[in-house]
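Enquirer: show me how the following folds:
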Amino acid sequence: MMKTEISICSEILKQGKTLLYPTDTVWGIGCDATNPLAVEKIFSIKRRPESKSLIILLDRADNLRRYVREVPEIAYDLIESVDTPLTIIYPNAMNLAENVIAGDGSIAIRIVKPGIFCHEMIKTFRKPVVSTSANVSGAETPMAYRFIQPEITHSVDHIVPRTFETLSTIKPSQIIKLAVNGEFTIIRK
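Expert: Numbering: from 1, shown residues only. Below is the predicted model:
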């Protein structure tokens with residue numbers, strides 16, 4: 001059953017469509033992070049200004065170098081040492097849709113730990129996936145599927161069945177901004 005749903009999601013992402021899916025934190029709205037038209041749809045669904053950047057998810061830290069020009073070594077230590085979801089903002093993003101990259105050229109990336117639906121989905125899709133909370137910009141982040149507004153569920157192209165909801169923390173990830181020299185600032189605890 002999971003393999004079938006992952007195949008469906010992978011095909012939807014390849015077609016430039018959007019989906020509502022359980023991430024490693026909260027339910028998210030996602031798309032192919034390399035497709036600018038798909039990313040534009042996400043901003044439209046959330047009614048979010050494009051000046052506010054988005055988070056992308058990867059299945060492995062090894063893939064960071066595909067999307068960040070220079071990954072500070074401390075990033076790998078941080079990723080390996082944390083038990084809870086950690087989003088790191090890296091400078092000098094590349095190979096992504098221009099509208100997913102922040103105005104300063106940075107990108108927020110979270111490596112999803114194995115064993116959950118979204119990790120397997122990203123691994124199968126073989127590209128980064130946008131992850132933004134399943135709410136209209138400015139509204140409260142829904143902590144479970146039942147709190148997601150109908151406006152969101154009616155706007156996405158596909159909804160992953162709730163049976164795959166295996167949220168580990170049920171809260172947004174911690175966010176750290178990392179400089180090329182390895183210095184970092186905590187953005188959200």
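Enquirer: helices and strands around the worst-scoring helix or strand of the chain on mean pLDDT, which ones?
Expert: Ranked by mean pLDDT, DSSP states H and E, the helix or strand of the chain with the weakest confidence is strand 184-188, at a mean of 72. Under the contact definition 3 or more C-beta pairs under 8 Å, 6 or more residues apart in numbering; DSSP states H and E, strand 184-188 sits against strand 174-178. Glycine gets a C-beta too; all of them are placed from N, C-alpha and C.
Enquirer: quick one: mean pLDDT over the strand it packs on.
Expert: Averaged across strand 174-178, the pLDDT comes to 77.
Enquirer: circling back: partners of the least confident helix or strand of the chain, with directions?
Expert: strand 174-178 (antiparallel) (DSSP bridges).
Enquirer: ranges for the helices of the chain?
Expert: Assigned by DSSP state H, the chain shows helices spanning 2-14, 36-46, 64-67, 73-81, 117-125, 150-153.
Enquirer: using CSV, list the CA coordinates for the first one.
Expert: Output for helix 2-14, consisting of C-alpha atoms alone and laid out as CSV, is shown next (Å, rounded to 0.1, in the frame of the first residue of the first chain):
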residue,chain,number,x,y,z
MET,A,2,2.8,2.5,0.9
LYS,A,3,4.7,1.7,-2.3
THR,A,4,1.6,2.3,-4.4
GLU,A,5,1.0,5.7,-2.7
ILE,A,6,4.7,6.7,-3.1
SER,A,7,4.5,5.9,-6.8
ILE,A,8,1.3,8.0,-7.1
CYS,A,9,3.0,10.9,-5.3
SER,A,10,6.2,10.6,-7.4
GLU,A,11,4.2,10.8,-10.6
ILE,A,12,2.2,13.8,-9.3
LEU,A,13,5.4,15.6,-8.4
LYS,A,14,6.9,14.8,-11.9
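Enquirer: run the chain-centre distance for that helix.
Expert: The chain centre lies 16 Å from the centre of helix 2-14; the measure is C-alpha atoms, centre = their mean, to the nearest Å.
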